[in-house]
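**Student:** Give me a model of this one.
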Amino acid sequence: MLDSTQHRPLNAIAAEIKRDWRTRINGAAIPYIEGLSELGNARDRWGMETGADAIQGFLNNAQTWHGEVAQRIKLELKAILKDYQAGR
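**Tutor:** Modelled structure (predicted):
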């Protein structure tokens, strides 16, 4: 079991997003999903941005993604951002 400061790699989360969100993906979310696919954690660099930036960009553009998996992953990504912002 992962403790509160350990999270799944972002690329594993992105793979789950791709498996679940198959229809009507918001086009603006696609680049962020691809960015997350290349990252391990919120501190990793994605071009000029961090993994945390990619997470925030995805969350900002994922309002049309619904369901149990979507809700769970959005909460997971928010927890990762919270730990990143707290310096953990």
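
**Student:** Tell me where the longest helix sits in this structure.
**Tutor:** Determined from DSSP state H, the single longest helix within the chain is helix 68-85.

**Student:** roughly how far is that one from the heart of the chain?
**Tutor:** Its chain's C-alpha centre and that of helix 68-85 lie 7 Å apart, by CA atoms, centre = their mean, to the nearest Å.

**Student:** contacts for that helix?
**Tutor:** Applying CB atoms under 8 Å, 6 or more residues apart in numbering, the external contacts of helix 68-85 come out as 4-5, 7-8, 10, 13, 16-17, 20-21, 41-43, 51-52, 55-56, 58-59, 62, 65. Any C-beta I mention is one placed from the backbone N, CA and C, and that applies to glycine too.

**Student:** Can you say which of those are buried?
**Tutor:** 7, 10, 13, 17, 21, 41-42, 51-52, 55-56, 58-59, 62, 65 (16 or more other CB atoms under 10 Å).

**Student:** This completes my enquiry, with thanks.
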